[in-house]
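Novice: sequence and predicted structure are below.
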Amino acid sequence: MDSMCSPSSLSCLPSLYKNPKPYKQLSHFSFSNHRLSSLSIQSTFTSLKSTVCAVTPSEGTVSTINFEDFVEKDWSFLDADDINSDEFYKQNIDKIISAGKVGEDSKILISTGSEGFVGRVVDTLSCKQLLVVHDSLFVLACIKEKYDKVKCWQGELIFVPEKWAPFDVVFLYFLPALPFELNQVFGALSKVCAQGARIVISHPKGREMLEKQKAENPDVVVSDLPDKPTLESVASHHSFTIVDFVDQPGFYIAVLEDTK
């Protein structure tokens, strides 16, 4: 089994060993063709939290990457509801997915998606490419273990490499977890979206559940869902137009289209 990182392998650290930086900056890991077992996931995170991974680049210099302070946030609340047992929740998830109007040739980006949401997308859609971007290495490892064809990239949404672009559909599944202003988010998306791309911002249980999640997970939920006037104003500056908007206590969805 391939592991994500080992002292003797550089495949998981394409750029980090050359320019070691603090954790928030060295958050760019991608898993494209590695099959992970539950055992390898566990050993990987034990290694990340307790060891120092040292490598020797071809230039002859030696760099050290310290993972002793590596801390994973708790994202389990995003998968608190079982899609298979909660019919109302499942219906809302399906509404979110269908709003993307995904086709077989579509290239999809999911930002901060739950494992359950990603699984539902994989099970119900056929597409050309599916990239999941998340802050959590553990969440991505679990997704990669279940869905080997899904591409996973750990890092910030506004820094997603353009090598996977242009995207036809972007699901901002949990926007309130992004530590960026709305203007930054749309500015970044405008650079990687194809003409006519659809952006789907959502919360399957709406603002009431979001307020509860914010109170219980203040380190993860750092912003709110935008109201329509705010969203419309910011999006228009980046050539995105709102085509659908629902803001109910138990369901939120905003669908935008790239008109550039």
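Specialist: Thanks, I have the structure now.
Novice: so what's the residue count around Pro105?
Specialist: One correction, residue 105 is Asp, not Pro. Residues near Asp105, counting by other C-beta atoms under 10 Å, number 10. Where C-beta positions appear, they are placed from N, C-alpha and C, glycine not excepted.
Novice: which element, helix or strand, includes it?
Specialist: When secondary structure is defined by DSSP states H and E, Asp105 falls outside every helix and strand.
Novice: surely it and Ser126 touch.
Specialist: No: using C-beta atoms under 8 Å, Asp105 is not in contact with Ser126; the gap is 9.7 Å.
Novice: could you point out the longest strand in the protein?
Specialist: The longest strand of the chain (DSSP state E) is strand 193-203.
Novice: so which bits of it are buried?
Specialist: Within strand 193-203, the residues scored as buried using 16 or more other C-beta atoms under 10 Å are 193, 197-203.
Novice: Throw these into a markdown table and include pLDDT and distance to Ser98, thanks.
Specialist: As requested, these are exported to a markdown table (pLDDT from 0 to 100; distance: C-beta to C-beta, whole Å):
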| residue | pLDDT | distance to Ser98 |
| --- | --- | --- |
| Cys193 | 98 | 19 |
| Ala197 | 98 | 16 |
| Arg198 | 98 | 11 |
| Ile199 | 98 | 15 |
| Val200 | 98 | 10 |
| Ile201 | 98 | 15 |
| Ser202 | 97 | 11 |
| His203 | 96 | 16 |
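Novice: between those residues, which sits nearest Phe77?
Specialist: His203 (12.3 Å; C-beta to C-beta).
Novice: what's the closest non-adjacent residue to that closest one?
Specialist: Using C-beta to C-beta, 6 or more residues apart in numbering and skipping residues adjacent in sequence, the residue nearest His203 is Tyr252, 4.3 Å away.
Novice: now name the helix or strand holding that neighbour.
Specialist: Per DSSP H and E: strand 251-258 holds Tyr252.
Novice: try Val121
Specialist: According to DSSP H and E, Val121 maps onto helix 115-124.
Novice: any idea of the angle that helix forms with strand 193-203?
Specialist: In terms of direction (axes from the mean of the first three to the mean of the last three C-alpha atoms, to 10 degrees), helix 115-124 departs from strand 193-203 by 130 degrees.
Novice: who touches helix 115-124?
Specialist: 78-79, 81-83, 90, 93-94, 96-97, 108, 110, 113, 130, 132, 139, 142-143, 146-147, 150, 171, 173 (C-beta atoms under 8 Å, 6 or more residues apart in numbering).
Novice: show me which of those residues are buried.
Specialist: Burial by neighbour count, 16+ other C-beta under 10 Å: within those this picks out 78, 81, 83, 90, 93, 96-97, 108, 110, 113, 130, 132, 139, 142-143, 147, 150, 171, 173.
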